Every structure is written in C-alpha cells, then in structure tokens.
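Chemist: sequence-free structure coming up:
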C-alpha cells in the first residue's frame, strides 16, 4: 500500500470519520444502522482509492470495531461482513501485516458469534483453519500467532460447551504447538494457559478427578516456569479454585483437598499477588463447607485454622475477611450440631473478634446475624 505525495486528504478524512462512527457504536445501545452505513462507506472508499495507506488503515480500524459491535449485539451478518472484507484486504495486500492481523482478530469475533447459532462449532472450526493457514504462511508474525492462539483457546471452551471433547483436545494440542513455535511470546503462553484453564473449569464439574488433577498440574507448572507473568499465576489460581469447588461439590473431597494444597503452594510464590490469596481464602471456605457437610470435622478444622492465619496476615482485605467470617459461622454451627459446645464457642468468638476489629463491615454483621438466628 502506498500514499502518493500530495494526494487528496478528503478520502482519508472521510475514512477516519466513518471509522469513528463505527467506534462510537460500541455502546450498550449501539446504532447498528449507522455502523452499517459507515462500513459501506469504508468499503466504497477502499475501492475508489485502492492502495491508499491512510484509507486502508482507517478501514481496518473501523472494520475491527464493526466485528466487535456485531458480536456484542448478536448481529451475525455484520461480523461476517467485517470478516469477509478483511479477508479480501489480506489477500490483496499479502505483504502488509496490518490486514492479516486484523483478519485474525475478526476471526476471533466471528468464531464466538458463529458458536451462538446451530452447528456453530463446525463453522467456527472452518474459520479457525483459515487463521491457522495464515499463521503457517507467516510464522514470523508474532501478533498473528497471538490472535491465532486466542482463537484456539476460545475453541477449547466452545467445544466443551457443546460436548465435543475431541475438538477441545485438538484445540489444546494446537495451542501447545503454537507455543512451541513461539516460545518467547508471552501472549501466546497466556492463551495456552487460558485454554488449559477452560479445560480444567469444565473438567472440575464432570470429569474423572485424577485426569482433572493432571490438567491442573500442567497449568500450575506453566505458571511456575514463567513467574514474571502474573496473569499466568492468576489463571492457575482460578483453575485450582475451580477444581476445589467443582470436585468438592461433587463429593470428591480428597482430590478437592489436593487442589486446595496446590493453590496454597502457588500462593506462597513471591510473585503471587493478592488475587491469588483471595482465591485461596474462598477455596478454603468452599472446602470447609464440603468437609463439614461430610462430617469430616478434623480436616475442616485444619483448613479453617489455615484460613484464620491467612486472614490475620491480610486483615485489611474484605474478601479474605468475609471468607473467614463465613467459615467461622459454618464451623460454629457444625460443632454445635455435634454437641461440641467449646469448639463451637471458639469459632463463634473468632467471628466476634472480626466484628470488633471491623465494626463498619456490613457483610460481617450479616454473617453474624445469620449465626445468631441459627441458635
């Protein structure tokens, strides 16, 4: 693409204005007709000023916004039109990375949009294959690799939603291949981890516990290999939390506790931040609830003591505080049910101590009120 010296700026100005009109439609109540007309104007300008760099750049920007607007509004025709147009630009300007990167990003939008309709996964897979072919033809383009990985990570979740585990496994294998080819690209690593998380979150609610734990171990290992990527640590924590919650709810208490221990170990990494410790506290509360329900009070007390220690160390955090308060109430009620009045009183006193230390915390008062009404 070129821009001739002294060219008329009016076309570029019109293109930028049309792109802004589409961008303005990214609201809670988008004006789809205005966005559609602006897109048609961009297409016309591109044909009239073929190869004008500034016009093409504005068209690419506006069309990407159109794909996002269409997906958010459930307007599949708009997403398809945006995708087709960007595909055409990619074919015409093969040496320019901008159109092909935009095509890959629009493919992500179209994959998600197609998944909403009947046989959507089949269409999504076809769209992905076009992105994959483009990626194989431009292995040097790391931005394209990142968009390709994002599409593959979404395919994992979409395939599992429609009970197609084989396609999910293939998408995960694809993510592994992309990361092997682009080992230094952090966005690719993140999308691979997101794909693993999608698989884990699904597995926690229905799959064999041992297989689920293997998947969790892989995600945690990825986080430990890249401690400088905080988002990977956070994703691993989310995966472990999903495992604790899903397995515990299904009555698989031993693997749920193993997942909790893995999360606790992750939280001790120096790079782990407050979000990981919050997830640990919430996982502890969920596991305590399940253990109390199974009358495994010794194990529940152990987790509760760890949660109490975490809460003391993070006294200013309301999320961790609330997790301890709810766990205190659970422990008190369970010990009372078992006739262990002294143990019940100790747990109830923990809740009172939290209230005294944080008298303005309304959520703590609600938990205390619940415990009082249960007397």
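Modeler: Sure thing, it's come through. Note that this is a predicted model, so its numbers are computed, not measured.
Chemist: residue ranges of the helices in the stretch 201-350 of the chain, please?
Modeler: Listed in chain order, the helices found in the stretch 201-350 of the chain under DSSP state H, counting those that start in this stretch are 209-225, 230-249, 253-267, 274-293, 297-313, 318-337, 341-357.
Chemist: Mean pLDDT and mean neighbour count added to those helices, as TSV?
Modeler: In short, each C-beta sits where N, CA and C put it, glycine included. Putting the helices of the stretch 201-350 of the chain into TSV (pLDDT from 0 to 100; neighbours: other C-beta atoms under 10 Å) gives the following:
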stretch	mean pLDDT	mean neighbour count
helix 209-225	90	18
helix 230-249	95	24
helix 253-267	96	21
helix 274-293	97	23
helix 297-313	95	17
helix 318-337	95	22
helix 341-357	93	15
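Chemist: Quick check: which of those helices is nearest to residue 68?
Modeler: Checking the helices of the stretch 201-350 of the chain against residue 68 by C-beta to C-beta gives helix 230-249 as the closest, at 21.5 Å.
Chemist: excluding its backbone neighbours, what's nearest the most centrally placed residue in the chain?
Modeler: Centroid-nearest residue in the chain: residue 194, 6.4 Å away (criterion: C-alpha atoms, centre = their mean). Spatial nearest neighbour of residue 194, chain neighbours left out: residue 153 (4.4 Å); criterion: C-beta to C-beta, 6 or more residues apart in numbering.
Chemist: Any idea how many residues pack against that neighbour?
Modeler: One way to gauge burial is a neighbour count; for residue 153, by other C-beta atoms under 10 Å, it gives 27.
Chemist: which other helices and strands contact the helix or strand where it lies?
Modeler: Secondary structure here is read from DSSP states H and E; on that basis residue 153 sits in helix 142-161. For helix 142-161, the contact count by 3 or more C-beta pairs under 8 Å, 6 or more residues apart in numbering; DSSP states H and E identifies helix 97-114, helix 120-137, helix 165-181, helix 186-203 as packing neighbours.
Chemist: quick check: angle from that helix to helix 165-181?
Modeler: The directions of helix 142-161 and helix 165-181 differ by 160 degrees, with axes from the mean of the first three to the mean of the last three C-alpha atoms, to 10 degrees as the criterion.
Chemist: tell me which residues in helix 142-161 are buried?
Modeler: Residues of helix 142-161 classed as buried by neighbour count (16 or more other C-beta atoms under 10 Å): 143-160.
Chemist: low-confidence ranges in the stretch 51-200 of the chain?
Modeler: Applying pLDDT under 70 to the predicted model, the residue ranges of the stretch 51-200 of the chain that meet it are 118-119.
Chemist: List the contacts of the closest residue to residue 99 other than its chain neighbours.
Modeler: Excluding its sequence neighbours, the residue lying closest to residue 99 (C-beta to C-beta, 6+ apart) is residue 89, at 3.9 Å. Residues counted as contacts of residue 89 (C-beta atoms under 8 Å, 6 or more residues apart in numbering) are 46, 56, 59-60, 99, 102-103.
Chemist: just residue 57 next, same as before
Modeler: Taking C-beta under 8 Å, 6+ apart as the contact definition, residue 57 lies against residue 98.
Chemist: and it, how far is that from residue 346?
Modeler: 67 Å (C-beta to C-beta, to the nearest Å).
Chemist: now swap in residue 289 and tell me
Modeler: If you go by C-beta to C-beta, the gap between residue 289 and residue 346 works out to 18 Å.
Chemist: One more: residue 41?
Modeler: Residue 41 is 71 Å from residue 346, where distance means C-beta to C-beta.
Chemist: same thing with residue 364?
Modeler: 18 Å.
Chemist: What of residue 15?
Modeler: 70 Å.
Chemist: related to what we said a few turns ago, chain center to the helix holding residue 153: distance?
Modeler: Relative to its chain's centre, helix 142-161 lies at 12 Å (C-alpha atoms, centre = their mean, to the nearest Å).
Chemist: That helix vs helix 186-203, what angle?
Modeler: When the same axes, to 10 degrees is applied, the directions of helix 142-161 and helix 186-203 differ by 0 degrees.
Chemist: Now do helix 142-161 against helix 97-114, angle only.
Modeler: Helix 142-161 runs at 10 degrees relative to helix 97-114, counting by the same axes, to 10 degrees.
Chemist: what's near enough to touch the residue lying closest to residue 336 once chain neighbours are set aside?
Modeler: If the residues on either side of it in the chain are set aside, residue 336 comes closest to residue 344, at 4.4 Å by C-beta to C-beta, 6+ apart. Neighbouring residues of residue 344 by C-beta under 8 Å, 6+ apart: 331-333, 335-336.
Chemist: Those residues: which two are farthest apart?
Modeler: The farthest-apart pair in the contacts of residue 344, when distances are taken by C-beta to C-beta, is 331 and 336, at 9.6 Å.
Chemist: Residue 215 reaches residue 198, doesn't it?
Modeler: No. Under the criterion of C-beta atoms under 8 Å, residue 215 is not in contact with residue 198, lying 10.3 Å apart.
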